[in-house]
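Colleague: Provided below for reference: sequence and predicted model.
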Amino acid sequence: MRKQWEEKIDTLRSMETYGYQVAYYVLQDQRLAAEATKAALSALYRDDSFFSACLELRRKKLRSHIRTAALAVLLNRRGSRVEAAYSGQTDNVS
């Protein structure tokens, strides 16, 4: 169990910089980009299919989660009444 957890963390760490770059491009704010990246990576941790996917598909899934998390961060920041909590659910990316 511990080894599987460590492998997931290593995989997510290897994607962290790319995720942050995408988030920063979208949000143009370091703090918000870090927040969106953290939310997206947390959601991907629970997605077992992410870890068995090839690098190209992992990046695609990460971009999708980043976009969703970035929108949630922006809505939350503006105090919108729209449900802004990011649950990690995005369109299925295959």
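Modeller: The structure has been received and is ready for your questions.

Colleague: go through the chain and flag its longest helix.
Modeller: Secondary structure assigned by DSSP state H gives helix 2-27 as the longest helix of the chain.

Colleague: average model confidence for that one?
Modeller: The average pLDDT within helix 2-27 is 94.

Colleague: in it, which residues are buried?
Modeller: 8, 12, 15, 19-20, 22-24, 26-27 (16 or more other Cβ atoms under 10 Å). Yep, even glycine has a C-beta here, placed from its N, CA and C like the rest.

Colleague: packing partners of that helix?
Modeller: Contact here means 3 or more Cβ pairs under 8 Å, 6 or more residues apart in numbering; DSSP states H and E; on that basis helix 2-27 packs against helix 30-45, helix 48-52, helix 55-77.

Colleague: okay, which residue is most central for this structure?
Modeller: Centroid-nearest residue in the chain, with Cα atoms, centre = their mean: A40, separated by 1.8 Å.

Colleague: grab the nearest non-local neighbour of that one.
Modeller: H65 (3.8 Å; Cβ to Cβ, 6 or more residues apart in numbering).

Colleague: my guess is Y18 contacts R59, does it?
Modeller: Yes - the pair Y18 and R59 passes the contact test of Cβ atoms under 8 Å, sitting 6.5 Å apart.
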